[in-house]
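Student: Sequence first, predicted coordinates after that:
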Amino acid sequence: MSVLGPAGVAIALWLLVSRQWRLVLGWSLWYGGGMLLVVLSKLAFIGWGLGSARLDFTGFSGHAMRAGAVFPVLMYVVLQRAPRSWRQAGVLFGVAYAVLVAISRVVVQAHSVSEAVSGCVLGLAMAFGFMWQARGAVNFAVSHALALASLALMVLITFKAEPMPTEDWLQKIALHLSGHERVFSRNDWKLAGHP
């Protein structure tokens with residue numbers, strides 16, 4: 001199980017505890033919107049074969065999208081009371097880490113380059129959209145004790161929890177919605193003569 005999903009939820013909880021209602025809603029919409037686009041892109045390919053054989057694109061990488069959305073915002077929120085230069089350095093570190101996650105998805109052959117890059121760019125767009133929205137927030141800071149405790153809990157959960165069968169769920173939903181008997185795959189492109 002990836003720590004990225006719980007980290008996205010943790011950011012919302014930190015903002016909630018800080019009584020930043022507008023930012024809780026904003027983060028939920030930005031992050032949730034990114035996740036929705038990932039799911040829709042995957043359903044479109046699995047159910048109807050909508051993608052690009054030329055670009056080897058079957059949908060946005062969910063890992064890369066979550067990394068792009070979560071890590072810069074995580075640093076932005078945790079370093080809110082730090083000097084501006086620290087906050088900027090933290091956000092840049094978050095962006096760099098997100099790019100490394102996207103690269104790792106290609107290295108382990110979980111995604112093509114186009115899927116990892118587009119997922120990361122989508123996530124970063126969500127992150128910067130949220131940070132732009134949060135730029136004028138007053139008294140916006142989270143408890144560092146709460147942040148450390150919840151991050152430790154997330155790491156523990158990540159090592160103990162079983163992975164969720166999200167791919168199976170997506171396949172079942174896509175088949176139900178499309179009415180097809182089987183899912184589309186990259187092999188269908190090969191059979192159709194696409195490179």
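Tutor: Sure, I can see it.

Student: give me the element the most centrally placed residue in the chain is part of.
Tutor: Compute the mean C-alpha point of the chain, and by CA atoms, centre = their mean the closest residue is Arg66, 1.4 Å away. For Arg66, the element it lies in under DSSP states H and E is helix 62-78.

Student: show me what contacts the closest residue to Val91 other than its chain neighbours?
Tutor: Nearest residue to Val91, sequence neighbours excluded (CB to CB, 6 or more residues apart in numbering): Pro72, at 4.8 Å. (Each C-beta comes from the backbone N, C-alpha and C, glycine too.) The contact partners of Pro72, by CB atoms under 8 Å, 6 or more residues apart in numbering, come to 91, 94-95, 98, 124, 127-128, 131.

Student: tally of neighbours for Val17?
Tutor: Val17 has 14 neighbours, counted by other CB atoms under 10 Å.

Student: Hmm, it is touching Ala149, no?
Tutor: No: when contacts are counted by CB atoms under 8 Å, Val17 is not listed as touching Ala149 (11.4 Å).

Student: which secondary element of the protein has the worst mean pLDDT?
Tutor: Within the chain, judged by mean pLDDT, DSSP states H and E, the helix or strand with the poorest mean is helix 144-160; its value is a mean of 66.

Student: Could you look up the SS state of Arg54?
Tutor: coil (DSSP: H, G, I helix; E, B strand; the rest coil).

Student: and it, how many neighbours?
Tutor: Neighbours around Arg54, by other CB under 10 Å: 10.

Student: Am I right that Leu16 is in contact with Val24?
Tutor: Yes: applying CB under 8 Å as the test, Leu16 and Val24 come out as touching, 5.1 Å apart.

Student: Compare the two (neighbour count), which wins?
Tutor: Of the pair Leu16 and Val24, Val24 is the one with more neighbours under other CB under 10 Å, namely 18 against 15.

Student: relative orientation of the strand or helix carrying that one and helix 62-78 in degrees?
Tutor: Remark: Val24 resides in helix 21-48, with elements defined by DSSP H and E. With axes from the mean of the first three to the mean of the last three CA atoms, to 10 degrees as the basis, helix 21-48 and helix 62-78 are set at 170 degrees to each other.

Student: model confidence over helix 21-48, on average?
Tutor: The predicted model assigns helix 21-48 a mean pLDDT of 95.

Student: Repeat that for stretch 74-92.
Tutor: Stretch 74-92 comes out at a mean pLDDT of 91.

Student: and the end-to-end length of that stretch?
Tutor: Terminal residues of stretch 74-92 lie 11 Å apart, using CA to CA, to the nearest Å.

Student: in that stretch, what counts as buried?
Tutor: 74-80, 87, 90-91 (16 or more other CB atoms under 10 Å).

Student: The residue nearest to Asp56 when sequence neighbours are not counted: neighbour count?
Tutor: Distance criterion CB to CB, 6+ apart; nearest residue to Asp56, sequence neighbours excluded, is Ser112 at 3.9 Å. Ser112 is flanked by 18 other residues according to other CB under 10 Å.
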